[in-house]
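Colleague: The amino acid sequence is not available; the structure is as follows:
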């Protein structure tokens, strides 16, 4: 009887120890899991901590784009360029500055290029006006005698500024005297040193025939469009240097 009771007590003791051990195990696991979650554990396969990525500075990005080996430079195609123009219609080519008026009293000079049929008004070395002109029917080369229809080559000075609005001229083409043949003004050139008195009457003047500008059409003078001549006359002066070249 006593032996049976002892065995029963031992069995109960083992059971109590097992229960205590299980409770301790559960408490330990609870503490362990609580600590893991507190440290950020999210289970198997959960992403690790996020590492901040440094963005390169703007100048570094440009350097990488420009200098990256093996990467061809991305060029804008004509289609992309056209699309940008449509998207940004205000982006237009820069416009030239407005032409400034010529200043009266300033010492301008004149250069006439016969081969280009151009008259240039210059302020020092700076060209401030470029106009088409007509030259003598003889074309390029030096004037040698009266009636050769050549425009002389050299540097001459304006010696007279004449109102030519009432002048007429007969060009020998059967049309008789032409009113306004010289336009509003005649800027006479001093060619005495070159001509030695063998010919004269060379100057810069207007025309009754605007279509002749840009051609070899005169009897030796230099023709300008009348509007350009009026602008030139406002700054012309006696002694103004005029260089004529082939």
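Modeller: Here it is on my side, so go on. Predicted, not measured: the structure shown is a model, and the values here were computed from it.
Colleague: Show me where this structure has its helices.
Modeller: Taking DSSP state H, the helices of the chain run over residues 2-38, 58-67, 78-87, 192-195, 226-233.
Colleague: now the protein, which segments are flagged as low pLDDT?
Modeller: Low-confidence segments of the chain, defined by pLDDT under 70: 1-14, 17-18, 23-24, 31, 34-98.
Colleague: Can you get me a residue count around residue 103?
Modeller: 11 (other Cβ atoms under 10 Å). C-beta here means a position set from N, CA and C on the backbone, and glycine is covered the same way.
Colleague: Could you check how far it is from residue 124?
Modeller: Using Cβ to Cβ, to the nearest Å, residue 103 is found at 13 Å from residue 124.
Colleague: pretty sure residue 158 is touching residue 185, no?
Modeller: No - if you go by Cβ atoms under 8 Å, residue 158 and residue 185 don't touch, sitting 10.9 Å apart.
Colleague: which one of those two has more residues nearby?
Modeller: Shown here are residue 158 and residue 185; by other Cβ under 10 Å, residue 185 has more neighbours (22 against 19).
Colleague: so who does that one touch?
Modeller: Neighbour list for residue 185: 161, 162, 163, 164, 165, 205, 206, 229, 230, 233 [criterion: Cβ atoms under 8 Å, 6 or more residues apart in numbering].
Colleague: Farthest pair within those residues?
Modeller: 162 and 230 (14.0 Å; Cβ to Cβ).
Colleague: Could you pull out the strands in the chain for me?
Modeller: Taking DSSP state E to define them, one finds strands in the chain at 109-113, 118-123, 126-136, 154-163, 168-170, 177-179, 185-190, 203-205, 216-218, 222-224, 241-245.
Colleague: by how many degrees do the second one and strand 109-113 diverge?
Modeller: Think strand 118-123. 160 degrees (axes from the mean of the first three to the mean of the last three Cα atoms, to 10 degrees).
Colleague: So that it lines up with my notes, have the first residue be 153 from now on.
Modeller: Done: numbering now begins at 153, and the last item shifts to strand 270-275.
Colleague: List the contacts of strand 270-275.
Modeller: If you take Cβ under 8 Å, 6+ apart as the criterion, strand 270-275 is touched by 254, 258, 260-265, 279-285, 356, 374, 376, 380, 384, 387.
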